[in-house]
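Engineer: Compute the structure for the input listed below.
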Amino acid sequence: MISAVVVLTVLVTTLTYSNSVLAFPGGVVSGEVTCGASDVENALVSLIVDESVEDTDYTDSNGEYRLIFGDWLLETIECTIKVEKSGYTTIYRDTYLYPSDPTDFNIEWEVTQTCNGYVYDQNNLAVAGATVKLIDDTTVLDSDTTDVYGYYSFSEDVQENLYCKIQAEKTGYETHYIYIYCSEQTTSYTFRIADPLANKIALFLYATDAVVDTDIESYGNQLINDEGFDTVMYYEDEEDWEGAIIGDLDSNETSHDFVFIHISGHGAYDSGEDNSYLITDPSTETRMYSDDLATCINALESHNIFILITACHAGGFEDDLKGTGVFVITESNSSSPAYALGSVPAESAFSYYFYEKLDADYSDTDAYNSAKSLTETYYEEEIEGSQYDEGPQYILKDDQILYTWFEWR
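Structural biologist: Below is the predicted model:
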C-alpha cells in the first residue's frame, strides 16, 4: 500500500514537472535594451498581455532584461514590451510569446528620423537659402539649407517618439514649423513662409442692422494685435461694397499680400437670379450678389485671400467663389439661417467662436472646425425649439489657398 502511494506521488510529480517545462521555457521573453551604441541600464521593462502587465524587470548594467508570463502557455500569443526610463521617451514593441520556445527580443531605443521636402513662399515660388531645423525643445539636432529649388533633406539618430519641431526660417521671412513624434518613417513636408514684401490687409464690410460696430472693431484690433495685420479698413452701411473692394482694397494690396475680407449683413436667396445676396445699406436695401463679389475678387492681385461671410442664406457666395482660388467660409448655405448670440444686431455665434479660437492660437482650419462644432451645439442648446428656431445652421467652407494663412504657432 505504501509502495502504491509512492508510485502515485512520483507520477503526479513527474506530470507536474512536465507541464511546467512545457509552460515556462516558452512563456519567457528576454533581450537587451540599447540606445545607439550604448546599453541602457536601469530601464523599467514591462510585459503586457491583453492590456495587463504580467511581469516587470529592470535592465542590468549590460542593458539585459528577462520577463516571464505567469500562466501556462498552450498557444502562441501576442504581447507588448514597454520600456521607460527618466530622461528617455517611452517606447512600445510588439512581439510574440511561444508555448515551447523563449523569445529573444532586443530593443533599440534609437531611430533614424529623416526629414525632407520643400520651402516655398506664399506665391508658390521656391525659397533658396532657407534653414530647416529639427529641434528638441531648444536644442537643434540637425538642419539643412534649401537649394535653388527650395529642397531640404537631413537624417538624425534620435530616441523613438521624441517630440520634436521641424522649423523653416530665413531672415526677413515668416518662420513656420510643425511638430512630430520621431520614428523610422520619413517626414516629408512642404513649408510656406511669407516673403519680406508680404503685408496683411483686412477689410470689414458690414451693415449696422445686422451687427454691432464695436464687435467688428474688436475683431479688427485682434487681427492687428495677435495676427500681425498691417492695415485694417472698415466700411459700414455703404451702398457700394463692390467699389470698396476693387477700389480701396485693390489699391492697397499686391500679389505678395494676404487679404482677409469679413462681410456681415442680412442675406437672402433670390431664386429668380439663382443667387445669394446681402443687403449692403439697410436704408436703401442695396444688394450685393454672390456673382458680383466673385467678379470683384478676380480683380485682386493677391493669391492668398480669405473671405468670411456672416449672413443667412449665404451659400451662393461659397458656390460662386469656388473658382477664384480663395479660402471662403459662409455661415449658412443658400436655405439656412445664421444665428446671432442674442437679439439682432449682435455678434454671430460662428464669428464669435471663430475669432475666439484664433485668439487661442488655433490655425485657420482648426478655428473653423472648432467654431463650427460650437455653433452647432449653440443651436441645439439655445435655439432649437425656441421662437427663434428657423432650422439648423449649415456652415460651408472651401479652402483653395496653398498657404497656412493665419500665423502658425
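Engineer: give me every residue that touches the residue nearest the centre of the chain.
Structural biologist: Nearest to the centroid of the C-alpha atoms of the chain, with distances taken as CA atoms, centre = their mean, sits D366, at 6.4 Å. With CB atoms under 8 Å, 6 or more residues apart in numbering as the criterion, the residues that contact D366 are K357. In this view, the C-beta of every residue, glycine as well, is placed from N, C-alpha and C.
Engineer: Okay, and it sits in which element?
Structural biologist: Under DSSP states H and E, the secondary-structure element containing D366 is helix 364-378.
Engineer: can you list the domains in the chain?
Structural biologist: According to automatic domain parsing, the chain is divided into the following domains: 23-100, 110-192, 200-399.
Engineer: Single out the most deeply packed of the ones you listed.
Structural biologist: With neighbours taken as mean count of other CB atoms under 10 Å, the domains of the chain reach their highest mean count in domain 200-399, at a mean of 19.
Engineer: okay, how far is it across that domain, tip to tip?
Structural biologist: Criterion CA to CA, to the nearest Å; first-to-last residue distance in domain 200-399 is 18 Å.
Engineer: Give me the three-state assignment for A202.
Structural biologist: Counting by DSSP: H, G, I helix; E, B strand; the rest coil, the backbone at A202 sits in strand.
Engineer: what bridges to it?
Structural biologist: For A202, the beta-bridge partners are V232, F260 (DSSP bridges).
Engineer: That one contacts G220, correct?
Structural biologist: Yes. Contact criterion CB atoms under 8 Å: A202 and G220 qualify, at 6.2 Å.
Engineer: what touches both of these two?
Structural biologist: F229, V232.
Engineer: same for the lengthiest strand in the chain, what does it pack against?
Structural biologist: Longest strand in the chain, counting residues (DSSP state E): strand 110-120. Strand 110-120 sits against strand 131-136, strand 151-159, strand 163-169, strand 186-188, strand 191-192, with contacts defined as 3 or more CB pairs under 8 Å, 6 or more residues apart in numbering; DSSP states H and E.
Engineer: Each with direction, which strands does the last one pair with?
Structural biologist: In the sheet containing strand 191-192, the strands it pairs with under DSSP bridges are strand 110-120 (parallel).
Engineer: mind checking how far the residue nearest to the centre of the chain is from L374?
Structural biologist: Counting by CB to CB, to the nearest Å, the gap between D366 and L374 amounts to 12 Å.
Engineer: for this protein, where's the lowest mean pLDDT among helices and strands?
Structural biologist: The element with the least model confidence among the helices and strands of the chain, by mean pLDDT, DSSP states H and E, is helix 2-23, at a mean of 41.
Engineer: now the next helix or strand after it against strand 110-120, angle please.
Structural biologist: Beyond helix 2-23 in the direction of the C-terminus, DSSP H and E gives the next helix or strand as strand 28-35. Between the axis of strand 28-35 and that of strand 110-120 there is an angle of 50 degrees, by axes from the mean of the first three to the mean of the last three CA atoms, to 10 degrees.
Engineer: Show me the helices in the stretch 251-400 of the chain, by range?
Structural biologist: Taking DSSP state H, counting those that start in this stretch, the helices of the stretch 251-400 of the chain run over residues 290-298, 315-321, 349-359, 364-378.
Engineer: returning to that earlier point: looking at the domains of the chain, which is nearest to F406?
Structural biologist: domain 200-399 (4.6 Å; CB to CB).
Engineer: now the stretch 251-400 of the chain, which segments are flagged as low pLDDT?
Structural biologist: With pLDDT under 70 as the threshold, the stretch 251-400 of the chain has low-confidence stretches at 344.
Engineer: again, 80 this time
Structural biologist: Under the criterion pLDDT under 80, the flagged ranges of the stretch 251-400 of the chain are 342-345.
Engineer: any idea how far R93 is from the residue nearest to the centre of the chain?
Structural biologist: Relative to R93, D366 is positioned 33 Å away (criterion: CB to CB).
Engineer: mind showing which ranges of the stretch 1-150 of the chain have poor pLDDT?
Structural biologist: Along the stretch 1-150 of the chain, the parts satisfying pLDDT under 80 run over 1-26.
Engineer: What pairs with the helix or strand where D144 lies, parallel or antiparallel?
Structural biologist: D144 is part of strand 139-145 when elements are defined by DSSP H and E. Sheet pairing here is set by DSSP bridges, and for strand 139-145 it gives strand 131-136 (antiparallel).
Engineer: can you give me the angle the strand it pairs with makes with strand 151-159?
Structural biologist: Regarding strand 131-136 and strand 151-159, their directions subtend 10 degrees when assessed with the same axes, to 10 degrees.
Engineer: No further questions, thank you.
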